[in-house]
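Asks: fold the following and give me the result.
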Amino acid sequence: MLLLPSTPTTTTTTCYLLVAATVFWTSTTMALPAVAPVPSSSGTIGETLVRVPIRKGVIHQAMNRADGTPTISSITNIGDTAYFTEIEVGTPAQKFLVQVDTGSSTMWLGSLACNELKNCNDKNGFNPALSETFKDTSNGRNRSIQYGLGKVTGTNSQDTARIGNLVIPKQEFILVSEEDETIQEENNKTTDGLIGLSWGGIYQNASKGYYPTVIDNLVSNKLISEPVFSLWLNGSGDANGDSLFSNGGELVLGGVDPNHYRGDISYYNVVDSFFWAVSLYSVSVGSGSKSALAPINPKTTAMFDSGTTLIFMETRYLLDHVLPALYAAIEQPVPASRDESSGLFEFPCARAPQLPDVNFSFGDGRRYAVSWHDYVVAVDAAACGVGLLPNGEGNNMWILGDVFLTRYVAVFDLRAGAVVPGGAVPGAVPFPRVGLAASSNAAPRFVGAALQAAARAAAAAVQNQFVADGEPRAVAAATPTTLAARRAAGNRAGAGVVVLLLGFILLF
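Replies: Next comes the predicted model:
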């Protein structure tokens with residue numbers, strides 16, 4: 001994830017930050033010429049798929065199949081705020097629950113020694129002494145990852161890793177020897193680290209500090225039939241907001257499961273040298289001729305980041321165009337600032353069903369809508385917040401987090417979508433592409449008991465419908481709620497709303 005330069009620094013913070021890793025390089029975005037979106041395509045990619053279950057909580061043991069059919073290793077959904085999966089590291093294997101983050105490339109785990117010294121606060125800790133295949137590759141040097149809020153420090157290491165039924169030899173990762181207070185609060189003896197799924201392609205040949213990611217190793221070792229993975233995230237609306245310890249979604253390695261989406265997959269060329277980011281052409285609010293907003297900066301990109309809960313926009317555009325359109329629809333004034341407790345722009349929950357869709361277009365005429373039951377956050381019984389936040393003035397990299405990714409299946413295709421301009425980076429690889437399709441068979445996100453019925457009714461009204469211009473209206477993704485908001489049970493005092501902000505990572 002990314003740091004929000006506009007995040008308040010003087011707020012009294014009952015707002016906890018779940019931080020995941022988005023690696024910052026000296027120049028992550030290159031000036032690329034405009035490229036036409038890749039035409040739509042239907043069907044699956046890859047003959048042999050490996051399904052890695054995603055959980056919003058504690059994960060089940062991976063199902064390993066010897067017959068070559070897809071393997072499921074669940075994703076855990078913790079309160080619609082972050083998604084996790086189980087991996088194994090070492091020989092013999094040690095199990096860990098790690099956050100699934102398409103906004104970074106680094107994999108890290110807290111060490112057993114770190115936890116014994118109370119410098120880490122993980123569910124488990126990796127013990128290198130018990131692994132026959134562990135190797136310290138640090139040359140005695142520490143490495144730190146600095147988040148917007150939160151920091152981990154450790155050493156470069158290497159060991160055998162397993163995800164689903166795939167065995168990855170010599171996987172590089174950071175063995176963490178210290179987590180700061182923020183990271184310890186978030187791990188809270190329930191999770192163990194993070195697995196980065198960003199592409200980082202040009203750095204394979206341009207940076208001495210680069211090492212192969214999990215996806216790189218899956219491809220180079222020919223462990224998946226195609227250099228593709230996809231992400232299907234399931235909301236907790238059907239479980240009344242309880243974390244999904246199973247069936248929180250699936251990470252599909254080697255392709256995409258046709259049961260996860262409806263209609264065709266539309267592909268868009270990645271235009272960033274590290275992140276899964278594509279050109280964002282326009283934003284609109286509502287439908288019809290009056291839905292268009294002011295043009296966005298032509299350099300604007302949208303990054304698809306599973307490590308971020310909400311949606312982040314350039315500050316002035318959010319404040320000057322998007323929020324005024326939303327609050328006009330509910331006949332409310334735009335708040336002068338975000339609430340100090342929740343960190344959100346708030347409004348009366350009773351007005352939520354009046355909020356219009358927010359639509360994103362990536363250049364092919366399609367509009368990808370997120371509705372009020374996607375982006376509304378129930379703070380308490382009366383107050384709700386808009387799950388759209390500022391990421392800094394002049395910051396043209398917008399982030400589409402889980403609010404968007406529970407509505408649309410994302411296909412991350414490492415095959416060439418556009419070629420890096422000649423001479424930009426010697427030996428650079430072609431840029432990949434991202435595919436999007438309306439999600440199917442996914443429960444909505446939880447919006448709080450009072451709003452859930454209304455969200456269901458609204459979703460039913462548009463089920464399997466398409467708007468006039470042919471864009472998909474996926475059923476049901478209710479808004480992201482938060483762990484603390486549910487715990488508040490109507491008592492706002494002392495309730496810390498968990499809002500997943502972006503953490504910019506610096507590699508040292």
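
Asks: give the rounded mean pLDDT of stretch 448-463.
Replies: For stretch 448-463, the mean pLDDT works out to 60.

Asks: same question but for stretch 242-252, I mixed them up
Replies: Stretch 242-252 comes out at a mean pLDDT of 86.

Asks: what's the closest non-adjacent residue to residue 390?
Replies: residue 315 (3.7 Å; CB to CB, 6 or more residues apart in numbering). Every C-beta, even on glycine, is put in place using the N, C-alpha and C of the backbone.

Asks: export only the CA atoms of the helix or strand harbouring residue 144, formatted as CSV.
Replies: Element membership for residue 144, per DSSP states H and E: strand 143-146. Presented in CSV, the C-alpha positions along strand 143-146 are these (Å, rounded to 0.1, in the frame of the first residue of the first chain):
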residue,chain,number,x,y,z
ARG,A,143,16.9,-4.3,6.0
SER,A,144,13.9,-2.1,7.0
ILE,A,145,10.5,-1.5,5.5
GLN,A,146,9.1,1.8,6.6
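
Asks: neighbouring strands of the helix or strand just after that strand in the sheet, and parallel or not?
Replies: Sequence-wise, the next helix or strand downstream of strand 143-146 (DSSP H and E) is strand 151-163. Here strand 151-163 has these sheet partners by DSSP bridges: strand 82-89 (antiparallel), strand 135-136 (antiparallel), strand 143-146 (antiparallel), strand 166-179 (antiparallel).

Asks: of the ones you listed, give the one that comes closest to residue 411.
Replies: strand 82-89 (16.6 Å; CB to CB).

Asks: report the angle between the helix or strand following the closest one and strand 166-179.
Replies: Helices and strands here follow DSSP H and E; after strand 82-89, the next one along the chain is strand 94-101. Computed by axes from the mean of the first three to the mean of the last three CA atoms, to 10 degrees, the angle separating strand 94-101 from strand 166-179 equals 80 degrees.

Asks: report all helices and strands that strand 94-101 contacts.
Replies: On a contact count with 3 or more CB pairs under 8 Å, 6 or more residues apart in numbering; DSSP states H and E, strand 94-101 meets strand 82-89, strand 107-110, strand 193-196.

Asks: the same query, at a cut-off of 10 Å, please.
Replies: Applying 3 or more CB pairs under 10 Å, 6 or more residues apart in numbering; DSSP states H and E, one finds that strand 94-101 contacts strand 75-78, strand 82-89, strand 107-110, strand 151-163, helix 181-187, strand 193-196.

Asks: a markdown table for these, including distance to residue 361, mean neighbour count and mean pLDDT?
Replies: Output for those, formatted as a markdown table (distance: least, CB to CB, whole Å; neighbours: other CB atoms under 10 Å; pLDDT from 0 to 100):
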| stretch | distance to residue 361 | mean neighbour count | mean pLDDT |
| --- | --- | --- | --- |
| strand 75-78 | 28 | 29 | 83 |
| strand 82-89 | 26 | 27 | 94 |
| strand 107-110 | 34 | 27 | 96 |
| strand 151-163 | 34 | 22 | 96 |
| helix 181-187 | 34 | 19 | 90 |
| strand 193-196 | 28 | 29 | 94 |
